[in-house]
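[1] Return a 3D structure for these sequence lines:
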Amino acid sequence: MAVGGLVASTTVDVLRRRFGTGRLLVADAAGPSCWSARRLWVRPFWVVAAGAVVAGSGASIWRILVATIRQDFTPPDLLGRTYSAPGS
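    Here you go, the predicted model:
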């Protein structure tokens, strides 16, 4: 998953410009369901390993995009409070 996170962190801006934030967030929310369904039928190690990389990528993309949205819509003087609040 760490490999996927590193790859995603370097490509998320390109993906955001190409597909848009909304589409990426929807795909990232739907991705785990599709991956879980696929695991019911296919279980070779390489498929599970590839899924872990994709899951790591998705998790990183989600965190980066949500943090960007939060920063865009939070007034600068409240950013510290927003990030220090529980559940941020």
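[2] which regions of the protein sit below the pLDDT cut-off?
    Counting by pLDDT under 70, the chain contains low-confidence residues at 1, 31-43, 85-88.
[3] switch the cut-off to 80
    The chain contains residues with pLDDT under 80 at 1-5, 28-56, 82-88.
[4] Could you point out the longest helix of it?
    The single longest helix within the chain, with elements called by DSSP state H, is helix 45-73.
[5] and whatever helix or strand comes next after that one, C-alpha only, in CSV?
    Downstream of helix 45-73, the first helix or strand assigned by DSSP states H and E is helix 79-84. As requested, C-alpha coordinates have been extracted for helix 79-84 and formatted as CSV (Å, rounded to 0.1, in the frame of the first residue of the first chain):
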residue,chain,number,x,y,z
LEU,A,79,-6.9,26.6,8.9
GLY,A,80,-5.0,25.8,12.1
ARG,A,81,-8.3,25.3,14.0
THR,A,82,-9.7,23.2,11.2
TYR,A,83,-6.8,20.8,11.2
SER,A,84,-6.5,20.6,14.9
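[6] Name the residues of the longest helix of the chain that come out as buried.
    51, 53-62, 64-65 (16 or more other CB atoms under 10 Å). Yep, even glycine has a C-beta here, placed from its N, CA and C like the rest.
[7] so what secondary structure elements neighbour it?
    helix 2-19, helix 21-39 (3 or more CB pairs under 8 Å, 6 or more residues apart in numbering; DSSP states H and E).
[8] orientation of the shortest one relative to helix 45-73 in degrees?
    The one in question is helix 2-19. Helix 2-19 runs at 50 degrees relative to helix 45-73, counting by axes from the mean of the first three to the mean of the last three CA atoms, to 10 degrees.
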